[in-house]
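Asker: what follows is a predicted structure for the sequence shown.
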Amino acid sequence: MSSFKIFDVAGTGMSAQSVRLNTTASNLANADSVSGDPTQVYKARHPLFEAIRSGIGAKSATTGVSVKGIVEAQGAPTARYEPGNPLADTKGFVYAPNVNTVEEMVDMISASRSYQNNVEVMNTAKDMMLATLRLGQ
C-alpha cells in the first residue's frame, strides 16, 4: 500500500462526516416545523455509511468510507393539540417531526470531532513525509 493512500482514506472520512454534518443541520433546522397532515411532516434523515474495500476475498483491505445513502427515520410524528394553529387538522392537531434535538446535537459534535480527527491524520502524515524527505539533508 502506498504511503499516499492515507490521504485518500482520510479524505473519504472527511467527505462522509461532511454529509453527516449536513443532514444533522437539516434535521435541527426542521425540528420545530409542523404540519397538519402526519404524512407530510418532516422526517429526520441520517446517512448510511459503507466501508470501501479494495481487492478480492481475504486480501481485501478497507480503503475508506462512502455514503451509501440517506435514510429517513421511521418514528411516528408527535401530535400536539393546537386548535388555534392555522395548520391544525379538523381535530385541532398539528404534527411535529420525530427529531430529537439532544441526539442531533450529540451527533453533530461527534461528526465534527471525526472530521477534525481526519484532518489531523492528514496533517500528521504530511509532517512525517516531510520529515522523511529531510533525512538526507
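Answerer: In hand now; what should we look at?
Asker: just for this structure, where's the confidence low?
Answerer: For the chain, the stretches with pLDDT under 70 are 1-2, 55-62.
Asker: for the spatially most central residue of it, list the residues it contacts.
Answerer: Nearest to the mean C-alpha position of the chain, by C-alpha atoms, centre = their mean, lies residue 20 at 1.3 Å. Counting by C-beta atoms under 8 Å, 6 or more residues apart in numbering, residue 20 makes contact with 47, 107, 111, 114. Just so you know, the C-beta spots here come from the backbone N, C-alpha and C atoms, and that holds for glycine as well.
Asker: state the distance from the last one to residue 120.
Answerer: When distance is defined by C-beta to C-beta, to the nearest Å, residue 114 is 11 Å away from residue 120.
Asker: who's more crowded, those two?
Answerer: Neighbours per residue (other C-beta atoms under 10 Å) separate residue 114 from residue 120, with residue 114 holding more: 16 against 11.
Asker: without its sequence neighbours, what residue ends up closest to that one?
Answerer: Excluding the flanking residues, the one nearest residue 114 by C-beta to C-beta, 6 or more residues apart in numbering is residue 17, at 4.8 Å.
Asker: quick check: buried residues in the strand or helix carrying that neighbour?
Answerer: Using DSSP states H and E, residue 17 sits in helix 5-29. Going by neighbour count (16 or more other C-beta atoms under 10 Å), the buried part of helix 5-29 is 6, 9-10, 12-17, 20-21, 23-24, 26-28.
Asker: so residue 72 is in contact with residue 45, correct?
Answerer: Yes. Taking C-beta atoms under 8 Å as the definition, residue 72 is a contact partner of residue 45 at 5.6 Å.
Asker: the two: who's more crowded?
Answerer: residue 45 (16 against 11).
Asker: distance check, that one against residue 124.
Answerer: Per C-beta to C-beta, residue 45 is found 33 Å from residue 124.
Asker: go through the longest helix seen in the chain and flag the buried ones.
Answerer: Counting by DSSP state H, the longest helix found in the chain is helix 101-134. By neighbour count on 16+ other C-beta under 10 Å, the buried set for helix 101-134 is 104, 107-108, 111, 114-115, 118, 121-122, 125.
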